[in-house]
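>>> no sequence on this one, just coordinates:
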């Protein structure tokens, strides 16, 4: 029988870290809820800091479960690659089956970065940024200034994260019925068309 103690510790610790923060979370409480011995944390992670980093990495990896450096079919136009990149990112971020603590711990980490921040940037964010950069390079040409390309990439990702982070606010603003009409594909089309229009590469907006 496979020992799932390590994953239980990550799941329980992640929820507690998300609720209480790193400093207030207690290893004894985590182990009690995970039905694990306190020594299990040392065995699987080494210390509390490494357990926290593992929880952050797990939350981020679940949000970016597909390879962010997707190998696209060579015949796929860069506009459609951008649309599919955005659609996949939305699909992962808006997955309703993910535990709530995944987003909560990432928001804590964004507000108060720790060493775990550098870890998940290298694990997930940088590869994703490289994938976005390759698409924009094909769209804008090799002579387009890199700093402006970075800003465009940040703006595109920022639109996706808006729907991820601010779901409760959006629901309050437009109501649940209207929010539920915002399918992943509809949002992907909107963000893609909006971004292409801003770059001067597409029609004003899709009707």
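Sure, I can see it. Keep in mind it's a predicted model, so treat the numbers as computed, not measured.
>>> Mind checking the pLDDT average for the helix ranked longest in the chain?
In terms of residue count, the longest helix belonging to the chain (DSSP state H) is helix 146-165. Along helix 146-165, the predicted confidence averages to a pLDDT of 94.
>>> do stretch 20-33 as well
94.
>>> which parts of that stretch are buried?
Buried positions in stretch 20-33, judged by neighbour count with 16 or more other Cβ atoms under 10 Å: 22, 25, 27, 30, 31. Using the backbone N, CA and C atoms, a C-beta is placed for each residue, glycine as well.
>>> any idea how far the third one is from residue 37?
It stands for residue 27. When Cβ to Cβ, to the nearest Å is applied, the distance between residue 27 and residue 37 equals 11 Å.
>>> circling back to that earlier point, neighbouring contacts of the longest helix of the chain?
Outside helix 146-165, the residues within contact range by Cβ atoms under 8 Å, 6 or more residues apart in numbering are 82, 86, 89-90, 93-94, 103, 107, 128-129, 132-133, 136-137, 140, 170, 182, 187, 191, 194-195, 198-199.
>>> so residue 36 makes contact with residue 9?
Yes - under the contact definition of Cβ atoms under 8 Å, residue 36 touches residue 9, with a separation of 5.8 Å.
>>> between the two, who's got more neighbours?
Just comparing residue 36 and residue 9: by other Cβ atoms under 10 Å the higher neighbour count belongs to residue 9, 25 against 18.
>>> correct me, but that one touches residue 34?
Yes - in this structure, residue 9 is within contact of residue 34 by Cβ under 8 Å, at 5.0 Å.
>>> which residues in this protein form strands?
Under the criterion DSSP state E, the chain contains no strands.
>>> Give me the below-cutoff pLDDT ranges for it.
Residues of the chain meeting the criterion pLDDT under 70: 1-3, 63-71, 203-207.
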